[in-house]
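Q: Provided below for reference: sequence and predicted model.
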2 protein chains.
Amino acid sequence: MKNKSAVVLLSGGLDSATALYLAQAEGYQCFCLIFDYGQLHKKETICAVRIAKQSGCAYGISKINLPWKGSALLDKKVKVADKITKGVPATYVPARNIIFLSFALSFAETIKAKAIFIGAHAQDYSGYPDCRPEFFKSFIKMAKKGTIGGNKIKIATPLLHKNKSQIIKLGKKHGVPFELTWSCYRGKKYPCGKCASCHYRAKGFKEAGLVDPLID
Amino acid sequence: MKNKSAVVLLSGGLDSATALYLAQAEGYQCFCLIFDYGQLHKKETICAVRIAKQSGCAYGISKINLPWKGSALLDKKVKVADKITKGVPATYVPARNIIFLSFALSFAETIKAKAIFIGAHAQDYSGYPDCRPEFFKSFIKMAKKGTIGGNKIKIATPLLHKNKSQIIKLGKKHGVPFELTWSCYRGKKYPCGKCASCHYRAKGFKEAGLVDPLID
């Protein structure tokens, strides 16, 4: 057993998968934390499990109850946009990363993990306040005040200042199984190719000069 | 319908019940958020529901999965102490208030509530880091950075600098139904009278010059 462990927030998308492979490359024994928070695109969690298995890491699925809905990811009545929108997208789930990180913190403190890895990145800044650098900075401070062991837990955001193509190049270098990742907000059999998440994924692969194995 | 609403974290204990009645006295329409986080003393959530009903407020139970256990409140193998212990008690659940407040924040932002009420207080400082004033200060800052509407949501800790007898006097004044509240960590038919929670409750009633209707 490796002598340092990390809790990795794994969504099933390519960002968190890259964060996982980076954590492994840094020598961490990783525990993947996957959330079933009522998202309509259930496929995401199935993909997260496949990625965790492929990486050889332990994983757990935590079921979360957010009955207040209000987001296009939780409520069929709220539509996912077919284009990039300005401001806060309909897919915004209030405090989602705050909740995910809080669970990771509880888990990490219990198992005495040295780090928490999260794959948030620059492309999400404008729409999702809990993806911004200033949010993570304040979360880290809060975690130190609100736990016993929190000042010994590093909250690692290795992709925070990277764009999608940089993440894809980095993932490629570290052997991320992109064919197992899922980005589409709609979660049907094939990616819709229209939602913001599909758009950014396609743009990222194109700019990285690589072919997306998922739609090849 | 009142024109300002609040999310109240309701545990079933007398502190959070007092926080609820104070929020009502301040004119808030309250939504009680009750957590089933796998605590062994299930009686707590039953009491929380009774208190919410008695107050006439809407309530919801959010089920949370903390499979990593490690606390005496979650794991039968870890014993609740029969006395007041120094430092962090076995009943400490890492990041519990951080998780609860994160859910409350998500809920409050979704329904555009003006406030979140939590009944944390001075007696919990030493053992529970996520009950200390400096924790709440940093949580409030983080909430502003990590949400869209977070800077419009007040996180109210009306009991933070009060001890148990002061809380009981305040609760009495506002008509808190103490007979419906539950404090004992063991959650059996009757309070054990030995755990830290029973000890502080008894001391509080004695110092307030009142009789605890639960054990009368």
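A: It's in.
Q: can I get the helix or strand containing A:Gln54 in PDB, CA atoms only?
A: Using DSSP states H and E, A:Gln54 sits in helix A:43-55. Extracted in PDB, the C-alpha atoms of helix A:43-55 (Å, rounded to 0.1, in the frame of the first residue of the first chain):
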ATOM      1  CA  LYS A  43     -24.700   7.600 -17.700                       C
ATOM      2  CA  GLU A  44     -22.100   9.900 -16.000                       C
ATOM      3  CA  THR A  45     -21.900   7.700 -12.900                       C
ATOM      4  CA  ILE A  46     -21.700   4.500 -14.900                       C
ATOM      5  CA  CYS A  47     -18.800   6.000 -16.800                       C
ATOM      6  CA  ALA A  48     -17.200   7.100 -13.500                       C
ATOM      7  CA  VAL A  49     -17.300   3.600 -12.200                       C
ATOM      8  CA  ARG A  50     -15.700   2.300 -15.500                       C
ATOM      9  CA  ILE A  51     -12.900   4.800 -15.200                       C
ATOM     10  CA  ALA A  52     -12.200   4.000 -11.600                       C
ATOM     11  CA  LYS A  53     -12.100   0.300 -12.400                       C
ATOM     12  CA  GLN A  54      -9.800   0.900 -15.400                       C
ATOM     13  CA  SER A  55      -7.400   3.000 -13.100                       C
END
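Q: how about it: buried residues?
A: Of the residues in helix A:43-55, A:Lys43, A:Glu44, A:Thr45, A:Cys47, A:Ala48, A:Val49, A:Arg50, A:Ile51, A:Ala52, A:Gln54, A:Ser55 count as buried by neighbour count, 16 or more other CB atoms under 10 Å in any protein chain shown. The way it works is simple: take the backbone N, C-alpha and C, and place the C-beta from them, glycine included.
Q: pLDDT value on the closest residue to the first one other than its chain neighbours, please?
A: Nearest residue to A:Lys43, sequence neighbours excluded (CB to CB, 6 or more residues apart in numbering or on different chains): A:Gly187, at 4.2 Å. At A:Gly187, the model reports a pLDDT of 73.
Q: now swap in the one 4 residues further on and tell me
A: The predicted local distance difference test score for A:Pro191 is 88.
Q: how about A:Leu40?
A: Looking at A:Leu40, the pLDDT reads 77.
Q: also A:Gly146?
A: pLDDT, read off for A:Gly146, is 91.
Q: that one contacts B:Glu134, doesn't it?
A: No: here A:Gly146 does not reach B:Glu134: they are 9.0 Å apart, not a contact under CB atoms under 8 Å.
Q: ok, back up a step: so where does the residue nearest to A:Lys43 fall, helix or strand?
A: Using DSSP H and E, A:Gly187 sits in no helix or strand.
Q: angles on the backbone of it, please.
A: Torsion angles at A:Gly187 (phi, psi; degrees, to the nearest 10) stand at phi 60, psi 30.
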